[in-house]
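A.B. asks: Predicted model, plus sequence, below.
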Amino acid sequence: MKSLVIIDYGSGNLHSVRQSARRVADEHSKEWQVKTSCEAKDVADADHIILPGVGHFSDCKHNLSKIQDMEQVLEKRVQRDAIAFLGICVGMQLMASKGFEGNAVSGLDWISGNVVPLKPEPLANFKIPHMGWNKIMLQNHHHPFSSQIADTLFYYFIHSYHFVPDNPEDCLAVTDYGETVTAIIAKENKIGTQFHPEKSQKAGLNLLSAFLDWYI
């Protein structure tokens with residue numbers, strides 16, 4: 001049986017993510033155990049990892065850092081062992097080098113780049129935060145996970161900051177909100193969505209299902 005661990009660090013939309021993950025796991029052809037955990041030892045034994053995240057970048061990073069051995073175990077399992085990792089919203093942003101929500105705060109530095117404020121065209125009358133349904137467009141068709149993404153589908157966003165990678169090829173998909181906004185980050189075994197798959201109905205469930213199939 002495969003193990004999917006959703007990290008509980010006090011900063012995620014945990015209930016909805018767990019319910020959606022369990023739904024797709026129950027429909028999956030392989031047997032999956034889905035669990036939430038705040039224990040590094042559970043993450044050490046996981047086959048796939050989801051890091052959700054809601055709120056302020058620095059608060060989320062602080063909460064993650066407070067869990068004994070969690071960052072060290074994540075570094076080993078994700079960076080060295082290369083198991084499949086999905087970051088959602090701030091969980092995706094934490095893969096960056098730094099976040100600039102308030103003071104500059106170091107991220108996990110797995111994908112080079114920064115998390116910066118949205119700055120839509122001033123005359124376009126776009127409200128901050130970006131909240132609601134928006135369409136994504138694929139940018140990098142070479143990453144293996146790109147074949148699992150349906151181009152031009154709508155997903156649910158709520159955020160005021162976004163991840164700008166140093167290498168444009170690490171941006172798998174974008175959306176438009178008065179500027180080009182990173183929607184999906186992808187590098188090697190790591191993907192991250194600025195939108196919330198667990199709130200994105202069928203499109204989001206399909207993405208979660210594809211994630212379970214990935215790196216097996």
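C.D. replies: Okay, I see it.
A.B. asks: before we move on, what SS does Ile111 have?
C.D. replies: Assigned by DSSP: H, G, I helix; E, B strand; the rest coil, the conformation of Ile111 is coil.
A.B. asks: ranges for the helices of this structure?
C.D. replies: Using DSSP state H, the helices of the chain run over 14-26, 40-44, 57-66, 70-74, 90-93, 201-213.
A.B. asks: Quick one: mean pLDDT over the fifth one.
C.D. replies: Along helix 90-93, the predicted confidence averages to a pLDDT of 98.
A.B. asks: what sits up against that helix?
C.D. replies: Helix 90-93 has contacts (C-beta atoms under 8 Å, 6 or more residues apart in numbering) with 7, 11-12, 50-57, 60, 87, 99, 107, 115, 161-163, 185, 192-194. Quick note: C-beta positions are derived from backbone N, CA and C, even for glycine.
A.B. asks: Now intersect those with the strands, please.
C.D. replies: Those of the contacts of helix 90-93 mapping onto strands are 7, 50-51, 87, 99, 115, 161-163, 185, 192-193, per DSSP state E.
A.B. asks: In those residues, find the pair that's most separated.
C.D. replies: By the measure C-beta to C-beta, Ile7 and His162 form the most distant pair in the ones in strands among the contacts of helix 90-93, at 21.5 Å.
A.B. asks: Reformat the helices of the chain as a markdown table; add mean neighbour count and distance to Pro129.
C.D. replies: Below are the helices of the chain laid out as a markdown table (neighbours: other C-beta atoms under 10 Å; distance: least, C-beta to C-beta, whole Å):
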| stretch | mean neighbour count | distance to Pro129 |
| --- | --- | --- |
| helix 14-26 | 18 | 18 |
| helix 40-44 | 17 | 30 |
| helix 57-66 | 18 | 13 |
| helix 70-74 | 18 | 27 |
| helix 90-93 | 28 | 12 |
| helix 201-213 | 18 | 19 |
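A.B. asks: With His143 as the reference, name the closest of these.
C.D. replies: Smallest distance to His143 across these (C-beta to C-beta): 12.6 Å, for helix 201-213.
A.B. asks: can you dump the C-alpha coordinates of that closest one into PDB?
C.D. replies: Extracted as PDB, the C-alpha positions of helix 201-213 are listed here (Å, rounded to 0.1, in the frame of the first residue of the first chain):
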ATOM      1  CA  GLN A 201     -14.100  20.800  -8.500                       C
ATOM      2  CA  LYS A 202     -13.400  18.200 -11.300                       C
ATOM      3  CA  ALA A 203     -10.300  19.900 -12.700                       C
ATOM      4  CA  GLY A 204      -8.700  20.000  -9.300                       C
ATOM      5  CA  LEU A 205      -9.600  16.300  -8.500                       C
ATOM      6  CA  ASN A 206      -8.200  15.300 -11.900                       C
ATOM      7  CA  LEU A 207      -4.900  17.000 -11.000                       C
ATOM      8  CA  LEU A 208      -4.800  15.300  -7.600                       C
ATOM      9  CA  SER A 209      -5.400  12.000  -9.200                       C
ATOM     10  CA  ALA A 210      -2.600  12.600 -11.700                       C
ATOM     11  CA  PHE A 211      -0.300  13.400  -8.800                       C
ATOM     12  CA  LEU A 212      -1.000  10.000  -7.200                       C
ATOM     13  CA  ASP A 213       0.000   8.400 -10.500                       C
END
